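Asker: Mind folding the following:
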Amino acid sequence: MRSASAASAPDAGTRRRLIAEILIVLGLSLGQSGVYAVVRLLDKMTQGPLQGQTTTLNPVLDESPVFDLVYQLLGIFFSLVPVALVLFLLTEPGRSAFRRIGFTFSRPALDFGLGFALAAVIGVGTLGVYAAGRAMGITTAIVPAALDTYWWTLPVLVLSAMRHAVLEEVIVVGYLFTRLRALGWSVPAMILTSALIRASYHLYQGIGPGIGNFLMGLLFGYAYYKTKRVMPLVIAHALVDIAGFVGFALFGSAIGIGD
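Answerer: Reported below is the predicted structural model:
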């Protein structure tokens, strides 16, 4: 799974350190989520057909509105700590981690143009894959937002969407590609591995979302390879999640999701 160029391959000690670092980062973040998602999928499959079950993405965390808000914000904050970790690990003297993976607004035309284009493709594709998965019985009914209606509901849903976008794209694309490239992996291997990890931590929603996110991972991985910028992916991901979370909160079952 490595590229043919041996000249760029790290020495044995550096290689072991990079592999250990990758495993630790994934174990603290999306890799851990992937393991739990697989177990939850198996658990759901033992309980009955997936089409008869429901998955809630943004549930109520406490009956008290004040403490529900506190728990929601704490969850968002602490889930972003692994992002701070990988940015710290990627920072080198005179070399910003933000610029290294393109997590900046230095190219707004490219970032927003490509971001909106990817969001449109992913948005349409997500609805198609969800409908197909429900028809085939391999996807649970997904409720994007189940928060009660408070003054803070919509802002928290927007923050939640942005949290997912930053967490996933920075770690499973920007960080992972950088480290796998240092290990001498080929571009196809990096894209495939990233897509498989992305698919894994969505399996708790059913097999359909796993397949859909694998395809999304292939597209996003290729886009990152071509642009060397993670910001368009963050923008696209945030737009798709904001549309799903906020749209469901505002219009409920009228938009046909979760039925």
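Asker: For the rest of this, base every contact and every neighbour count on C-alpha atoms.
Answerer: OK.
Asker: okay, and for the protein, where does confidence drop off?
Answerer: Applying pLDDT under 70 to the chain flags residues 1-8, 251-259.
Asker: Mind jotting down where the strands sit in it?
Answerer: 54-56, 141-143 (DSSP state E).
Asker: would you turn those into JSON lines with mean neighbour count and distance to I19?
Answerer: JSON lines is the format used below for those (neighbours: other C-alpha atoms under 10 Å; distance: least, C-alpha to C-alpha, whole Å):
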{"stretch": "strand 54-56", "mean neighbour count": "17", "distance to I19": "34"}
{"stretch": "strand 141-143", "mean neighbour count": "21", "distance to I19": "35"}
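Asker: Help me confirm that D241 comes into contact with R163.
Answerer: No. In this structure D241 lies outside contact range of R163 using C-alpha atoms under 8 Å: 9.9 Å.
Asker: Give me the longest helix you can find in the chain.
Answerer: helix 108-136 (DSSP state H).
Asker: helices or strands up against it?
Answerer: With contacts taken as 3 or more C-alpha pairs under 8 Å, 6 or more residues apart in numbering; DSSP states H and E, helix 108-136 sits against helix 207-227, helix 231-251.
Asker: Kindly reformat those as CSV containing distance to R16 and mean neighbour count.
Answerer: Putting these into CSV (distance: least, C-alpha to C-alpha, whole Å; neighbours: other C-alpha atoms under 10 Å) gives the following:
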stretch, distance to R16, mean neighbour count
helix 207-227, 25, 21
helix 231-251, 30, 22
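Asker: And those helices: which comes nearest S79?
Answerer: S79 sits nearest to helix 231-251 of all those, at 15.6 Å, using C-alpha to C-alpha.
Asker: Output the closest one as CSV, nothing but the C-alphas.
Answerer: C-alpha atoms of helix 231-251 as CSV (Å, rounded to 0.1, in the frame of the first residue of the first chain):
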residue,chain,number,x,y,z
MET,A,231,-11.5,24.0,3.9
PRO,A,232,-13.8,23.3,0.9
LEU,A,233,-14.6,19.9,2.5
VAL,A,234,-15.4,21.5,5.8
ILE,A,235,-17.7,24.1,4.1
ALA,A,236,-19.5,21.4,2.1
HIS,A,237,-19.9,19.1,5.0
ALA,A,238,-21.2,21.9,7.2
LEU,A,239,-23.7,23.1,4.6
VAL,A,240,-25.1,19.5,4.2
ASP,A,241,-25.4,19.0,7.9
ILE,A,242,-26.9,22.4,8.6
ALA,A,243,-29.5,21.9,5.9
GLY,A,244,-30.4,18.5,7.4
PHE,A,245,-30.4,19.4,11.1
VAL,A,246,-32.0,22.8,10.8
GLY,A,247,-34.3,21.8,8.0
PHE,A,248,-35.7,18.9,10.1
ALA,A,249,-36.0,21.1,13.2
LEU,A,250,-38.0,23.7,11.3
PHE,A,251,-40.2,21.4,9.1
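Asker: Give me the contact list for it.
Answerer: 102-105, 110-119, 122-123, 143-147, 154, 157-158, 161-162, 164-166, 169-170, 220, 224, 255, 257 (C-alpha atoms under 8 Å, 6 or more residues apart in numbering).
Asker: just the buried members of these?
Answerer: 102-104, 111-112, 114-116, 118-119, 122-123, 143-147, 154, 157-158, 161-162, 164-166, 169-170, 220, 224, 257 (16 or more other C-alpha atoms under 10 Å).
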